[in-house]
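Participant: predicted coordinates and the sequence they were generated for:
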Amino acid sequence: MLNVAPAGTHSALISWVDDVAALTQPDRIVWCQGTDEERHALTDQLVQSGEFKPLNPATYPHSYWYKSDPKDVARTEHLTFVCTNAQADAGPNNVWMEPAAAKSKMSALFAGCMRGRTLYVVPYCMGPLNSPLSRYGVEITDSAYVVLNMRIMTRMGLDALRKINDSGQFVRGLHSTGDLNPDRRFIMHFPEERLIMSFGSGYGGNALLGKKCHALRIASFQGREEGWLAEHMLLLGLTSPTGQTHYVAAAFPSACGKTNLAMLLPPESMPGWKVTTIGDDIAWLQPGPDGRLWAINPEAGYFGVAPGTTEKTNRNAFKMVQGNTIFTNVALTENQEPWWEGLPGKPALDWQGNPIGEKGPYAHPNARFTVDAKHNPSYGIEAEDPNGVPLSAIIFGGRRASLAPLVYEARDWNHGVLVGASVASETTAAITGQVGVLRRDPMAMKPFCGYHFGDYWQHWINIGQQLTNPPKIFHVNWFRQSPQGQFLWPGFGDNLRVLEWMIKRIERQIDAHDTPIGAMPKAGDLNRHGLQLDEAVLTELLRVDRDAWQAEMVALEEDLKPYSDRLPSVLRQEIDALKNRLRH
Ligand code: GTP
Ligand code: SPV
Ligand code: MN
């Protein structure tokens, strides 16, 4: 088959494509340019094949419905490998395979797998095209759906290719949808070679290789070598009524509220506040010459959770998906409109395209929308700034029915690293497996850190040492429940009340109540204007149960045991200090 690369293409890239084509035997090779014509042609092709259903052109223009295989609806962590040369470097937090064994396994699967199919070469940039913090990649895939998603999620096409040609530096990502058999599905990472191989899945983080595979697993590994951090974090700009803007990053595990917080709409009772979205899922952080921590969003679009997205909970997201959106695994109304749990009425067809039955859910709980970030009404133009934004705060959080209070503040950076390392959260539909099981998810990076967690925490501590003006670190929990299983905190827009308290702390306007776990709001300091919330509920939300926290420390130390040989001594000291504070 003919491999006609655009003029000027780097020879290393051409020969990689030649090698992959020789192995996979595609009928055709297409070098993606990132143009609108190309996007239209690929879209038409998917409509013709029946894989895309056009949605109602009057209410959802240029939007498409897509269903994935029922056995391919979320990331599959047990099939995701980090293949470092030394097993110890991948750490107990990753599933490891010896690189040569992994490659021969993958070569066998890829052999001839693109016969009858098209091989697409997708050059992309993670981050603003002219930023020194950005990094480049090329995904080879046999899925037009993946190409269209990558085109939304990254800066994809000839501009990225030109940058790649200049430097010859790019992450190689090889993907084939394969036969979607979970027994033949592997997502392999070779961080030392900046190489990804993914076979047998067409879904989300398994297949859009720029996202979790590159921008988190490979990038975290590379960031450790180069002095930066790749994190599972949203980025937002927060302007107070006085006109002062602060930038905040927040790490919550999958489907725990990043997209929602990043697009927060202030409650009516808090006029004058404004939130802009810089990113909703991934942030790359680097110390700046000014001693502050600077951040970029490497992505250009959102691959967001659809269920629960409504005009009431997230009006910005709801508005931005009213056109130019790919919907994956949502239900369909009789008017050819997308539907998911939380929206009024009922759909006609479920997420697999079958007439709905007696009981839902009718959309898949991990159904997603893919949309260009620029369509977000709260899009922050700073997302294009090659320098990124300087952070005033980093927030960690999880989904915990009990224990973790609404908010607390770490004493300093190193304590904050412990707060991040201690994150635990109930599992969600974003990963294949049981939902609602509490698990330790340090920095919300359990599925995404491309190397040993012990080394990772040490890297966090090292980064902190370079910051003369570090962001304050906080922990939040929007998901504390009553014994009856009701959320105690209204969440969503009202989360701004918690952000406001943080800003006042950052600007040193207020002091706080010192507790063993950290600083917490004093009575009256959390803005409750216009909020219906019983005093007793607020007290419960801010309660620190010493006995429960002591039990938590036992659980934490148990969870950290596998990392003990590389656990930073600073973290050890922070644990001892916290245990000590809890005893007194
Ligand atoms: P990934 O894209 O998987 O990394 O997830 P995410 O962290 O961006 O999660 P997202 O914002 O999409 O939220 C997932 C689910 O949590 C949705 O169903 C939301 O409706 C729900 N959610 C988000 N914020 C809140 C909140 O403040 N309170 C409550 N109760 N639910 C929330
Ligand atoms: C997540 O699971 O954290 C996601 C969705 O953001 S995916 O891209 O599929 O990983
Ligand atoms: Mn995510």
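Facilitator: Thanks, I have it. Ligands and ions are numbered 1, 2, ... in the order given.
Participant: give me the most central residue, this structure.
Facilitator: The chain has Asp281 as the residue nearest its centroid, 3.3 Å off, counting by CA atoms, centre = their mean.
Participant: show the model's pLDDT score for it.
Facilitator: The model reports Asp281 with a pLDDT of 98.
Participant: element containing it, please.
Facilitator: If you go by DSSP states H and E, Asp281 is not part of any helix or strand.
Participant: is it true that it touches Thr259?
Facilitator: Yes - between Asp281 and Thr259 there is a contact under CB atoms under 8 Å: 7.3 Å. In this view, the C-beta of every residue, glycine as well, is placed from N, C-alpha and C.
Participant: could you check how far the residue nearest to Asn376 when sequence neighbours are not counted is from Gly493?
Facilitator: In this structure, Asn376 finds its nearest non-sequential neighbour in Met320, 4.7 Å apart by CB to CB, 6 or more residues apart in numbering. Distance, Met320 to Gly493, by CB to CB, to the nearest Å: 17 Å.
Participant: of the two, which one has the most company?
Facilitator: Neighbour comparison, Met320 and Gly493: the larger count goes to Met320, with 26 against 21 (by other CB atoms under 10 Å).
Participant: so who does that one touch?
Facilitator: Each residue near Met320 by CB atoms under 8 Å, 6 or more residues apart in numbering is listed here: 302, 371, 375-377.
Participant: any idea how far the residue of the stretch 301-450 of the chain found nearest ligand 2 is from Pro253?
Facilitator: With CB to the nearest ligand atom as the measure, Ala430 is the residue of the stretch 301-450 of the chain nearest to ligand 2, at 3.7 Å. If you measure Ala430 against Pro253 using CB to CB, the figure is 8 Å.
Participant: more crowded one of these two?
Facilitator: Pro253 (28 against 20).
Participant: now the strands for the stretch 251-400 of the chain?
Facilitator: 274-279, 283-287, 293-296, 301-305, 326-328, 331-332, 338-339, 368-372, 389-397 (DSSP state E, counting those that start in this stretch).
Participant: tally up the residues packed near Tyr408, please.
Facilitator: 23.
Participant: pretty sure it sits against His475.
Facilitator: Yes - proximity of Tyr408 to His475 meets the contact threshold set by CB under 8 Å, at 5.4 Å.
Participant: which residues are in contact with both of the two?
Facilitator: Counting by CB under 8 Å, 6+ apart, the contacts common to Tyr408 and His475 are Gly518.
Participant: what ranges do the strands span in the stretch 101-250 of the chain?
Facilitator: 118-126, 135-141, 155-156, 171-176, 186-190, 195-199, 229-231, 233-239, 245-251.
Participant: show me which residues of the stretch 301-450 of the chain sit near ligand 2.
Facilitator: In this structure, the stretch 301-450 of the chain approaches ligand 2 at residues 303, 430, judged by CB under 6 Å from any ligand atom.
Participant: all the helices of the stretch 301-450 of the chain, residue numbers only.
Facilitator: Remark: helices assigned in the stretch 301-450 of the chain by DSSP state H, counting those that start in this stretch are 315-320, 413-421.
Participant: in the first one, which residues are buried?
Facilitator: Taking 16 or more other CB atoms under 10 Å as the neighbour-count basis, helix 315-320 is seen to contain the buried residues 315-318, 320.
Participant: neighbours around the closest residue to Asp18 other than its chain neighbours, how many?
Facilitator: The spatial neighbour of Asp18 that comes closest, neighbours along the chain excluded (CB to CB, 6+ apart), is Asn3 at 5.8 Å. Residues lying near Asn3 (other CB under 10 Å) number 18.
Participant: if I look at Asn3, how far off is ligand 2?
Facilitator: Distance from Asn3 to ligand 2, counting by CB to the nearest ligand atom, to the nearest Å: 30 Å.
Participant: what is the burial count for Arg508?
Facilitator: By the criterion of other CB under 10 Å, Arg508 has 7 neighbours.
Participant: hang on, it in a helix?
Facilitator: No - the assignment for Arg508, made by DSSP: H, G, I helix; E, B strand; the rest coil, is coil rather than a helix.
Participant: how about it, phi and psi?
Facilitator: phi 60, psi 40 (degrees, to the nearest 10).
Participant: where does the protein dip in pLDDT?
Facilitator: Low-confidence segments of the chain (pLDDT under 70): none present.
Participant: looking at the stretch 301-450 of the chain, what residue ends up closest to ligand 3?
Facilitator: In the stretch 301-450 of the chain, the residue that lies nearest ligand 3 is Ala430 (6.9 Å; CB to the ion).
Participant: need the contact list for that residue.
Facilitator: 74-75, 254-255, 305, 366.
Participant: farthest-separated two in the residues you listed?
Facilitator: Farthest pair in the contacts of Ala430 (CB to CB) is Arg75 and Val305. Separation: 12.8 Å.
Participant: so between these two, which is more surrounded?
Facilitator: Ranked by neighbour count (other CB under 10 Å), Arg75 and Val305 place Val305 first, with 25 against 22.
Participant: nearest residue to the more buried one in space, please, no chain neighbours.
Facilitator: What sits nearest to Val305 in space, not counting adjacent residues and going by CB to CB, 6+ apart, is Ala255, at 5.3 Å.
Participant: over to Gly491?
Facilitator: Nearest non-adjacent residue to Gly491, counting by CB to CB, 6+ apart: Trp478, 4.5 Å away.
Participant: for Pro490, see how far away the one you found is.
Facilitator: Computed as CB to CB, the Trp478 to Pro490 distance reads 9 Å.
Participant: what is the neighbour count of the closest residue to ligand 2 within the stretch 251-400 of the chain?
Facilitator: Nearest to ligand 2, among the residues of the stretch 251-400 of the chain, is Ser254, at 3.2 Å (CB to the nearest ligand atom). Residues within reach of Ser254, counting by other CB under 10 Å, total 26.
Participant: how about the residues of the stretch 251-400 of the chain near ligand 3?
Facilitator: Applying CB under 5 Å from the ion, we find that the stretch 251-400 of the chain lies next to ligand 3 at 254, 281.
Participant: now with 8 Å, please.
Facilitator: 254-255, 258, 281-282 (CB under 8 Å from the ion).
Participant: and Thr245, how far from ligand 3?
Facilitator: Separation of Thr245 from ligand 3 (CB to the ion, to the nearest Å) stands at 25 Å.
Participant: do the same with His78
Facilitator: For His78, the distance to ligand 3 equals 18 Å [CB to the ion].
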